[in-house]
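**Student:** whatever this is, show me its structure:
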Amino acid sequence: MFNLAPIPVPNLSGRSVLVTGATRGIGAALVRVLVAQGARVFAGVLGDPEALPGDATVFQLDVTRQADVDAAIARVRADAGRLDVLVNNAGIISPIGPLASLASDSLAPAFAVNVIGVHRMVVAALPLLRASQGTIVNAGTGAATTPMEGWTAYCTSKAGVHMLTRLMALELGPEGIQSFFIGIPPTDTAMQAEIRAAGLNPISKIPRDHLVPTAVPASVMAYLCSAEARGIDGVLLDVRQDRFKAMMPL
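**Tutor:** Modelled structure (predicted):
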C-alpha cells in the first residue's frame, strides 16, 4: 500500500544513542538496527521487552518519572561518557474514542508521555547533548497535523510534540543541537492493533498485511542518528518524503 522499504544506514561506530520506548515495535527494531551498525545503544523499556541485542544496555525507563529519567542519563554518562543522539520514541495513543465521550482527565496520560516526557528527556540530556553538539529525534505522525476521528488524545498531544520540536530547533539550534520530528506512516505495531480494534477512522481499516514493517521507520530513524543526517536542512520530516524514498531499494 505504501511501497516503502528500509533505507541503508551508515556505520554508526563511536556514536552513543539513547532510545526511549524500546520495549517493542519501532523502538525495539531501531535498537537492533543501531547495534548492527556499531552504535553504543542505551534502550529504555517498560516491563519485559522484545528480544534486544546483547550489546545494547537495557534498563527500565518511564519517561513520566523524573527519577527514571535522571537515572538513565546518569547511566549513559557513566558507561559512555557522551550522548550523540536522543531518540524520543516512547508514546501512547489511548484513550481512543469520540471526544465528547472522554473524561477530560483521561487525556492527561497521553500528554504526560507524548509531550511532557519528551521535554523531560531533552532537558535532562541537554548537558551531554551540548557537549557533543548532538541530535534529538522525536517520533512523529501525520496525526500531529491531520485530525483523526477518535484520536483526541493522540492528535493533540502529538501536535504538541510537533511544536515542541520546532521550539527545540529555534532555541537549541544555535548551540549546535539538531532537532527532528519524523512522521511515521501506519506501521505494524501493537499501537496499530489498538487502532484496528477501535475501528473509528480510516487508519483502523487498513489491513494488517498492508501496514509498513517496523524495519522501515526504524531505518530512517537510525539514519537520522548518523553524521550524514547533519546535512539535512529541515526539522519536520516524514518517512514518506522523497529524500528517503529515493534511498529505498524498491
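
**Student:** need the residues that contact the helix or strand of the chain with the lowest mean pLDDT.
**Tutor:** For the chain, counting by mean pLDDT, DSSP states H and E, helix 190-198 ranks last in confidence among helices and strands (a mean of 92). Outside helix 190-198, the residues within contact range by C-beta atoms under 8 Å, 6 or more residues apart in numbering are 24-25, 91-94, 96-97, 150, 186, 203-204, 206, 208, 211. To be clear about C-beta, it is placed using only N, CA and C from the backbone, and glycine gets the same treatment.

**Student:** likewise for stretch 42-52?
**Tutor:** In contact with stretch 42-52 (C-beta under 8 Å, 6+ apart) are residues 16-24, 27-28, 31-32, 56-63, 68, 72, 75-76, 79-80, 90.

**Student:** now list the buried members of the residues you listed.
**Tutor:** Buried residues within those, counting neighbours by 16 or more other C-beta atoms under 10 Å: 16-24, 27-28, 31-32, 56-58, 61-63, 68, 72, 75-76, 80, 90.

**Student:** restricted to helices, list these.
**Tutor:** Those of these mapping onto helices are Gly27, Ala28, Val31, Arg32, Asp68, Ala72, Arg75, Val76, per DSSP state H.

**Student:** ok, the first one to Ala100 distance?
**Tutor:** As for Gly27, its distance to Ala100 is 33 Å (criterion: C-beta to C-beta, to the nearest Å).

**Student:** any idea which helix is longest in this protein?
**Tutor:** helix 152-172.

**Student:** quick one: it to helix 190-198, angle?
**Tutor:** Interaxial angle, helix 152-172 versus helix 190-198 (axes from the mean of the first three to the mean of the last three C-alpha atoms, to 10 degrees): 150 degrees.

**Student:** just checking, what packs against helix 152-172?
**Tutor:** Contacts defined by 3 or more C-beta pairs under 8 Å, 6 or more residues apart in numbering; DSSP states H and E place helix 152-172 against helix 108-111, helix 117-132, strand 135-140, strand 178-183, strand 236-238.

**Student:** what are the buried residues along the last one?
**Tutor:** To tie it back to what came earlier, the one meant is strand 236-238. In strand 236-238, counting by 16+ other C-beta under 10 Å, buried: Leu236, Leu237, Asp238.

**Student:** appreciated, that's everything.
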